[in-house]
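J.: My questions concern the predicted model and sequence given below.
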Amino acid sequence: MKASASILLFASLASAWRLEVWSNNNEHLNMHGTTNSGCVNFDVGALNINHAKFTKSSFADTFELYQNRNCDTLKYRNGEGDFTFNVKTIRSYKAY
């Protein structure tokens, strides 16, 4: 296998997942990574989220939104796509 083909193969395998969320007052956060995120707390505190868009990668095809810090009390889970839902107060997330 040529070096350029190897680089292209690796680049496609290491694609980044992307999670975007919007609050009901149009705040927008964008998170991304190339491996599973583990539990991540929002630095901004609680957000009243009503819209999420998730792009999967080779390492993460699911995202979860949690009501409390430290991924306590699951409020929403889905896979790749663009989703609008009833407002949920969210303080942490995972992508895996």
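T.: Everything's here; your move.
J.: List the contacts of stretch 86-93.
T.: 19, 21, 24, 31, 37, 39-42, 45-50, 63-72, 75-76 (Cβ atoms under 8 Å, 6 or more residues apart in numbering). All C-beta atoms are positioned from the backbone trio N, CA, C, and that covers glycine.
J.: Excluding chain neighbours, what is closest to the residue nearest the centre of the chain?
T.: The chain has residue 19 as the residue nearest its centroid, 3.3 Å off, counting by Cα atoms, centre = their mean. Leaving aside its sequence neighbours, residue 19 sits nearest to residue 31 (Cβ to Cβ, 6 or more residues apart in numbering; 4.7 Å).
J.: Give me the packing partners of whichever strand or helix holds residue 21, helices and strands only.
T.: Assigned by DSSP states H and E, residue 21 falls within strand 17-23. Strand 17-23 sits against strand 28-33, strand 47-55, strand 63-68, strand 92-95, with contacts defined as 3 or more Cβ pairs under 8 Å, 6 or more residues apart in numbering; DSSP states H and E.
J.: so which of those gets nearest residue 85?
T.: Set against residue 85 and scored by Cβ to Cβ, these come closest in strand 47-55, at 6.3 Å.
J.: what comes up buried for the closest one?
T.: For strand 47-55, a neighbour-count test (16 or more other Cβ atoms under 10 Å) marks 47, 49-55 as buried.
J.: Relative to residue 81, which of the residues you listed is nearest.
T.: For the buried residues of strand 47-55, the nearest to residue 81 is residue 54 (6.4 Å; Cβ to Cβ).
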